[in-house]
Each structure stands twice: as structure tokens, then as C-alpha cells.
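K.L.:
What follows is a predicted structure for the sequence shown.
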Amino acid sequence: RRRLFVSRGFLIRLLREKEVGVTELRAAAAAGDVRGLERLAAPGAGADDLIPGGLAVVFDAAVEIEGASGMVPVAANLAEEMLELAVGNASETAALLEELEGQPSVDTILQAPAVDAGAQPGDDGEDQNDAEDGDVAQVDEGDREPGD
């Protein structure tokens, strides 16, 4: 079976970046964030000669969270120089990230967006008197000079 067991942090990184270099993969294995890399090597070659192909990258919650159970597997492809995520689309990736990171706190959700110090209510950064291509500029009658 071609599986890598990874830490939560490593899987989050892979989901965000979509790929991780083999050198970084080996460094993560040395740091204990990736287990099973040796099973992806050619027989008798050690962990230096990895065989390209599909595999499952698995976060096992029981390893990091006491009393937790469950696994979060994602499909990936190992190329000669890269471990590449094989998740179908952005919504699947977002759902996996939410599963791993948890939902934002109520305070974060309710926090007002930062407002530019110079911005005024209703200011969208466009001058209302600027005409766009093909638009007719509207002029307020109160803004006309006498004789216009």
C-alpha cells in the first residue's frame, strides 16, 4: 500500500500549497512530520530512490490528539521531484482545510472588516463624476456654473 502518514501541519501545508518538493518531504520525514516514506522507495534502494505514482496522504488524528479517532486521507501523486495534491477542486480543498483547522470562532466571524482611515461611508474608490466607456456622465444641476 502506498500511504504516507503525516502531521496535521504537513497536510494543511500540502492542501494550501498544492505541492511539496521531495527535498522538503524528506526534511519533514526527518523531523517526524511524515512517516512511511521508506515504503515508497524501490526495494533495496532505501528512502533515496522514491518510485513515482499515486498514493494516499493520511492525517491520523489519534496520533496528535489524545482520545481522538478518525483519519483524513487525500489523494496525491509522487513525481520525481514533487509530491502533488490530487484533490479535484477548490471546494473539496476548502472543506478539508476546514476539517483540519476547524471553523473560525464567533468573534472572528463577527469582527468588523478593517476600514481604511481615509475612507468615507459609501466610498467605493470611484469618482461618481467619472464616465466609463460608453457611459454618459451625470451632472448635478447644482454643480453647473452660471452660463453653462
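P.N.:
Alright, I've got the coordinates.

K.L.:
OK, contacts around residue 49?
P.N.:
With contact taken as Cβ atoms under 8 Å, 6 or more residues apart in numbering, residue 49 is in contact with 41-42. (Each C-beta comes from the backbone N, C-alpha and C, glycine too.)

K.L.:
Please tell me how far it sits from residue 38.
P.N.:
As defined by Cβ to Cβ, to the nearest Å, residue 49 lies at a distance of 11 Å from residue 38.

K.L.:
elements contacting the helix or strand harbouring residue 14?
P.N.:
According to DSSP states H and E, residue 14 maps onto helix 8-17. For helix 8-17, the contact count by 3 or more Cβ pairs under 8 Å, 6 or more residues apart in numbering; DSSP states H and E identifies strand 19-21, strand 53-60, strand 71-78, strand 82-85, helix 90-101 as packing neighbours.

K.L.:
Ok, which of those comes nearest residue 7?
P.N.:
Nearest of those to residue 7, taken as Cβ to Cβ: strand 53-60 at 7.1 Å.

K.L.:
Mind listing residues that contact the helix holding residue 14?
P.N.:
By Cβ under 8 Å, 6+ apart, helix 8-17 touches 6, 20, 28, 33-34, 57, 59, 61, 64, 72, 74, 76, 83, 85, 87, 93, 96-97, 100-101.
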